[in-house]
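Asker: make a model of this:
(one chain, ligands or ions: 2)
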Amino acid sequence: MTLQLETAGFVEKTPLEHYVAPDKPSLVGLTRAQLAALLGAIGVPEAQRKMRVQQLWHWIYFRGFTEFDAMTSLSKELRAALAEKFTLARPEVVAEQVSVDGTRKWLLRLPGETQGERPHEVECVYIPDTDRGTLCVSSQVGCTLTCSFCHTGTQRLVRNLTADEIVGQVMMARDRLGDWPGATRPIDGIIPTGEQRCITNIVMMGMGEPLYNLDAVRDALLIVADGDGIAISKRRITLSTSGVVPNIERAGAEIGCMLAVSLHAVRDELRNELVPLNRKYPIAQLLEACRNYPGLSNAKRITFEYVMLRGVNDSIDDAKALVRLLKGIPAKINLIPFNPWPGTKYECSDWEQIEKFSQVVFDAGYASPVRTPRGRDILAACGQLKSATEKLSARERMALRAMAMVD
Ligand code: SAH
Ligand code: SF4
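Answerer: Ligands and ions are numbered 1, 2, ... in the order given. Next up, the predicted model:
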């Protein structure tokens, strides 16, 4: 059952934390310190641990190996000892959808016992473009927040992902895309121009509010950014928040990645309705936290996301108020066409209106890219693959699972 918490007229769901982790944990997602401690626990002498951690790190995060047995720089005994207690498992792919535009969306089942709840599942999306390949990663199963235009917000079940489940999404996507050194790529034509790899950028914009799961998100992103492993630079990692003000500074100080803020409205009255967290942390507080974001400069701007909702927040006055509001903050503005979902009361703004809005933003000196909707044919809006798959019968789900395993 999901409990409701009420604070100052703001209602949110309480995360469930009563699932049981698998008996045999995966090493994917462990920090160097955690790996060293595990090696100590299985009898590796202290003097050797640093070197062994370095070797394991290379096999796990640089090469993407899924079997201990292939890790030839480790002794046979150590490989056997590791295999006895641990795995290198990633989340299980339950469904994979490929859009005509090359966007790929995976529904992932997380390991562990859910004690009678249905399996815990999240989504992860790969969006190839000419200059970059972006992986959109989830931080929670569902979301405790209830933004009125967001489908994830309607989902009842909520739990925080562990760092290994967050890193596991990146590992799974690199597996599926053949994105490891020396791997054969199953798919052609998806490497961005001038890049060696498919996945060049990470955005924490999947399911969940990353700043409500900051410790795990931090550990995971520091692993993803580590130069001896997956090595995606912090400048190419963006964390998106609906505005958890007290954790914004920590994200900057402890992770140092790029920040995106889901603003969506310029007046508190409207933002309270669209992003109910605004009742707790109103616009003025949110923008103050943005001004203080560690490392903020013209070279490291905050992205303000603004979803275009017809007749709700898309007037020219709104556009003018938006640029006034952001004055003085090194900012980028991302206008996002609303991606509708069954049952929503909102509609996407007309294209003409989006262009007029975007012109005001552009005239104020912002490059105002309108994020083109990607993967519309595969329901790529946040939260939608999960709901589409939930409508399938048990037999159809099994067939999908089998497909994912043999593919
Ligand atoms: N919880 C975080 C990150 C996940 S949502 C946040 O809210 O920022 C990632 C982005 O997608 C947010 O800007 C969110 O407002 C936006 N979004 C959610 N549902 C959407 C929809 N149906 N259409 C367009 N954008 C949506
Ligand atoms: Fe949660 Fe973000 Fe969706 Fe709001 S927009 S419900 S914070 S995932």
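
Asker: can you map out the helices along the stretch 301-407 of the chain?
Answerer: Assignment of helices within the stretch 301-407 of the chain using DSSP state H, counting those that start in this stretch yields the ranges 316-325, 351-363, 384-390, 394-406.

Asker: please disregard the earlier target; I meant the stretch 101-250 of the chain.
Answerer: Ranges of helices in the stretch 101-250 of the chain, per DSSP H, counting those that start in this stretch, are 163-177, 214-225, 245-254.

Asker: who does the shortest one touch, helix- and strand-wise?
Answerer: In this case it means helix 245-254. helix 214-225, strand 237-241, strand 258-262, helix 283-291 (3 or more Cβ pairs under 8 Å, 6 or more residues apart in numbering; DSSP states H and E). Just so you know, the C-beta spots here come from the backbone N, C-alpha and C atoms, and that holds for glycine as well.

Asker: in the last one, which residues are buried?
Answerer: Residues of helix 283-291 classed as buried: 283, 286-287, 289-290 (neighbour count, 16 or more other Cβ atoms under 10 Å).

Asker: go ahead and name everything in contact with that helix.
Answerer: Helix 283-291 has contacts (Cβ atoms under 8 Å, 6 or more residues apart in numbering) with 243, 245, 248-249, 259, 261, 263, 265-268, 271, 278, 281, 296, 302, 325-326, 328-329.

Asker: 10 Å - rerun?
Answerer: Contacts of helix 283-291 from elsewhere in the structure, counted by Cβ atoms under 10 Å, 6 or more residues apart in numbering, are 241-249, 251-252, 259, 261-263, 265-268, 270-272, 275, 277-278, 281, 296, 302, 304, 325-326, 328-331.

Asker: using PDB, write out every CA atom in that helix.
Answerer: Presented in PDB, the C-alpha positions along helix 283-291 are these (Å, rounded to 0.1, in the frame of the first residue of the first chain):
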ATOM      1  CA  ILE A 283       9.800  29.500  -7.600                       C
ATOM      2  CA  ALA A 284      11.800  32.300  -5.700                       C
ATOM      3  CA  GLN A 285      13.500  29.700  -3.500                       C
ATOM      4  CA  LEU A 286      14.100  27.400  -6.400                       C
ATOM      5  CA  LEU A 287      15.800  30.100  -8.500                       C
ATOM      6  CA  GLU A 288      17.900  31.200  -5.500                       C
ATOM      7  CA  ALA A 289      19.200  27.600  -5.200                       C
ATOM      8  CA  CYS A 290      19.900  27.700  -8.900                       C
ATOM      9  CA  ARG A 291      21.900  31.000  -8.600                       C
END
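
Asker: quick one: that helix to helix 316-325, angle?
Answerer: Between helix 283-291 and helix 316-325, the angle comes out at 50 degrees (axes from the mean of the first three to the mean of the last three Cα atoms, to 10 degrees).

Asker: now helix 283-291, how far from the centre of its chain.
Answerer: Chain-centre distance of helix 283-291: 23 Å, with Cα atoms, centre = their mean, to the nearest Å.

Asker: say whether ligand 1 is contacted by that helix.
Answerer: No: using Cβ under 6 Å from any ligand atom, helix 283-291 stays clear of ligand 1, with a minimum separation of 11.7 Å.

Asker: now the helices of the stretch 101-250 of the chain in TSV, with mean pLDDT and mean neighbour count?
Answerer: Below are those laid out as TSV (pLDDT from 0 to 100; neighbours: other Cβ atoms under 10 Å):
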stretch	mean pLDDT	mean neighbour count
helix 163-177	95	24
helix 214-225	97	22
helix 245-254	97	18
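
Asker: now the buried members of the contacts of helix 283-291.
Answerer: Counted by 16+ other Cβ under 10 Å, the contacts of helix 283-291 give 241-245, 247-248, 251-252, 259, 261-263, 265-266, 270-272, 275, 277-278, 281, 296, 302, 304, 325-326, 331 as buried.

Asker: shaky segments in the protein?
Answerer: The chain contains residues with pLDDT under 70 at 1-9, 16-21, 113-117, 186-190, 368-369, 371-407.

Asker: middle-most residue in it, spatially?
Answerer: residue 137 (2.4 Å; Cα atoms, centre = their mean).

Asker: ok, now how distant is it from residue 306?
Answerer: Using Cβ to Cβ, to the nearest Å, one gets 22 Å for the distance from residue 137 to residue 306.

Asker: hang on, the earlier thing: ok, the residue nearest to the centre of the chain - contacts?
Answerer: 122-125, 161, 165-170, 173, 202-208, 210, 217, 220-221, 224, 237, 239.

Asker: just the CA trace of stretch 80-98, in PDB.
Answerer: C-alpha atoms of stretch 80-98 as PDB (Å, rounded to 0.1, in the frame of the first residue of the first chain):
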ATOM      1  CA  ALA A  80      36.100 -18.700  -8.600                       C
ATOM      2  CA  ALA A  81      35.700 -17.000  -5.200                       C
ATOM      3  CA  LEU A  82      34.000 -14.000  -6.800                       C
ATOM      4  CA  ALA A  83      31.700 -16.200  -9.000                       C
ATOM      5  CA  GLU A  84      30.600 -18.100  -5.900                       C
ATOM      6  CA  LYS A  85      29.300 -15.100  -4.100                       C
ATOM      7  CA  PHE A  86      28.600 -12.500  -6.700                       C
ATOM      8  CA  THR A  87      27.300 -11.900 -10.200                       C
ATOM      9  CA  LEU A  88      27.800  -9.200 -12.800                       C
ATOM     10  CA  ALA A  89      24.100  -9.100 -13.600                       C
ATOM     11  CA  ARG A  90      22.300  -6.100 -15.100                       C
ATOM     12  CA  PRO A  91      18.600  -5.400 -14.800                       C
ATOM     13  CA  GLU A  92      16.600  -7.900 -17.000                       C
ATOM     14  CA  VAL A  93      15.200  -6.600 -20.300                       C
ATOM     15  CA  VAL A  94      11.500  -7.400 -20.300                       C
ATOM     16  CA  ALA A  95      10.600  -5.400 -23.500                       C
ATOM     17  CA  GLU A  96      12.500  -3.600 -26.100                       C
ATOM     18  CA  GLN A  97      11.000  -1.200 -28.600                       C
ATOM     19  CA  VAL A  98      12.600   0.500 -31.500                       C
END
